[in-house]
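Student: A predicted structure for the sequence below; I have some questions about it.
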Amino acid sequence: MSVSSRSIRIGSRKSQLALVQTYWVQAELQGHYQDRQFDVETMSTQGDKILDVPLAKIGDKGLFTKELEVAMLENQVDLAVHSLKDLPTKLPDGLMLGCVTKRVNPADALVVNEKHRDKQLETLPEGSVIGTSSLRRLAQLRHHFPHLSFKDVRGNVNTRLAKLDAGEYDAIILAVAGLERLDMADRVHQVISSDISLHAVGQGALGIECRTGDQEILNLLKALEHKPTRDRCYAERAFLRELEGGCQVPIGVNTHIEGNMLNLTGMVASLDGQQMLKNTISGPCEEAEQLGRELAMQLRNSGAGAILAEIFAQIGRE
Ligand SMILES: NCc1[nH]cc(CCC(=O)O)c1CC(=O)O
């Protein structure tokens, strides 16, 4: 490689989790391409600034990605590292999902206040206050544990843990992946089984966004691509894309691959957790996105459309 080749600029949010993920990508790229230079540029996104409004009410998609996307389109950075679950299923013109990295555990975790260290989700006392800002977690936990109460919690992972430890909540729900990446796996009190809670689309994987057709970047990113994760996440994202409207909705998934067969389970719930529709589809990995769309249509035909219409109306009204 010629010494005059340009340095590659990686865009990142400033949260501790975002930085850990971005520095990991930078180190991996540097390891594969030792004669290239990779620089990190950080910026705050809207999602980092608006902390007093429940996430579900902020209709704007791409709350955590927009500033990074503008920077790519204006040629200030060349790629952006995201938690794939925060990356909208529809990207702006001129940008694409260039790479999906190997997924770590996509499950949710129960994290408890010290006073409940001998408890599990199943044994928390009636009325315990559970912090979550995800409609998906809320609906599924309400469905299985109607005796618990739920309260919104915002802020980055560290802020949420501080609120939990200060006694504002009896327990909170966080992604296992985030805690592990932050070196806080010891805070995972219970890994919540997929029988209780299906995870978010893309949870546990990183998505790297870049300019459409920027072949130099796309070639570099091939070194970090993990095909099984990509197939799973493409199926999950197609499922979500087909169902979601203008706001966050209670949708969960689970995927696994056996040989060349991809298995996708999808769930749509009402906000109170009373109604819950779940179905599974399988087919060849090459048809990942078709499988996601097909499962979405199946669920829509069996009543998910009505559940989602009700949610859009409720969130709009409040
Ligand atoms: N919305 C915030 C967010 N985005 C990604 C993660 C965790 C890492 C991941 O899911 O890949 C988290 C925190 C959480 O849900 O606990």
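Tutor: Here it is on my side, so go on.
Student: Report whether the expected contact of residue 104 with residue 175 is present.
Tutor: No. Using Cβ atoms under 8 Å as the test, residue 104 is too far from residue 175 to be in contact (9.4 Å). C-beta here means a position set from N, CA and C on the backbone, and glycine is covered the same way.
Student: Pull up the overlap in contacts between these two.
Tutor: The contact sets of residue 104 and residue 175 overlap at residue 204 (Cβ atoms under 8 Å, 6 or more residues apart in numbering).
Student: which one of those two has more residues nearby?
Tutor: residue 175 (25 against 17; other Cβ atoms under 10 Å).
Student: so that one bridges to which residues?
Tutor: For residue 175, the beta-bridge partners are residue 108 (DSSP bridges).
Student: residues in contact with it?
Tutor: 85, 106, 107, 108, 109, 199, 200, 203, 204.
Student: Could you pull up the contacting residues of the most centrally placed residue in the chain?
Tutor: Residue closest to the average C-alpha location in the chain (Cα atoms, centre = their mean): residue 85, at 2.0 Å. Residues in contact with residue 85 (Cβ under 8 Å, 6+ apart) are 175, 200, 201, 202, 203, 205.
Student: Where do the helices of the stretch 101-250 of the chain begin and end?
Tutor: 135-144, 157-165, 176-181, 215-221, 227-243 (DSSP state H, counting those that start in this stretch).
Student: which residues does the residue in the stretch 151-300 of the chain that the ligand sits nearest to contact?
Tutor: Using Cβ to the nearest ligand atom, the closest approach of the stretch 151-300 of the chain to the ligand is made by residue 178 at 3.1 Å. By Cβ under 8 Å, 6+ apart, the contact list for residue 178 reads 17, 83, 157.
Student: Wait, the last one touches residue 179, no?
Tutor: Going back to what we said before, that points to residue 157. Yes. With contacts counted by Cβ under 8 Å, residue 157 reaches residue 179, the gap being 7.1 Å.
Student: On the pLDDT front, check the residue of the stretch 1-150 of the chain found nearest the ligand for me.
Tutor: At 3.4 Å from the ligand, residue 83 is the closest residue in the stretch 1-150 of the chain, using Cβ to the nearest ligand atom. Note on residue 83: pLDDT of 95.
Student: same question, residue 313
Tutor: pLDDT, read off for residue 313, is 85.
Student: Isn't residue 165 up against residue 114?
Tutor: Yes. Counting by Cβ under 8 Å, residue 114 is a contact partner of residue 165 at 7.3 Å.
Student: Give the residue from the two that has the larger number of neighbours.
Tutor: Neighbour tally, residue 165 and residue 114, criterion other Cβ under 10 Å: the higher count belongs to residue 165, 14 against 8.
Student: Near the ligand, which residues of the protein are found?
Tutor: 83, 85, 86, 157, 174, 175, 177, 178, 203, 204 (Cβ under 6 Å from any ligand atom).
Student: how many neighbours does residue 167 have?
Tutor: Counted with other Cβ under 10 Å, residue 167 comes out at 11.
Student: what sits opposite residue 82 in the beta ladder?
Tutor: Counting by DSSP bridges, the residues bridging with residue 82 are residue 207.
Student: how far away is it from residue 309?
Tutor: From residue 82 across to residue 309, the span is 29 Å (Cβ to Cβ, to the nearest Å).
Student: what do you get for residue 205?
Tutor: Taken as Cβ to Cβ, the span from residue 205 to residue 309 is 30 Å.
Student: ok so, going back, which one (most neighbours) among the contacts of residue 175?
Tutor: Of the contacts of residue 175, with other Cβ under 10 Å as the count, residue 108 tops at 30 neighbours.
Student: contacting residues for that residue?
Tutor: Per Cβ under 8 Å, 6+ apart, neighbours of residue 108: 137, 173, 174, 175, 176, 191, 192, 197, 199, 203.
Student: Would you check that my belief about the second one contacting residue 129 is correct?
Tutor: What that stands for is residue 173. No. Between residue 173 and residue 129 there is no contact under Cβ under 8 Å: 12.0 Å.
Student: between the two, which one's more packed in?
Tutor: A direct count of neighbours by other Cβ under 10 Å for residue 173 and residue 129 places residue 173 higher, at 25 against 18.
Student: Please list all residues in contact with the more buried one.
Tutor: Contacts for residue 173 (Cβ under 8 Å, 6+ apart) come out as 108, 109, 110, 111, 130, 131, 132, 134, 137, 141, 192, 197.
Student: what's the neighbour count on the nearest residue to residue 164 once chain neighbours are set aside?
Tutor: Nearest non-adjacent residue to residue 164, counting by Cβ to Cβ, 6 or more residues apart in numbering: residue 172, 4.9 Å away. Residue 172 is flanked by 26 other residues according to other Cβ under 10 Å.
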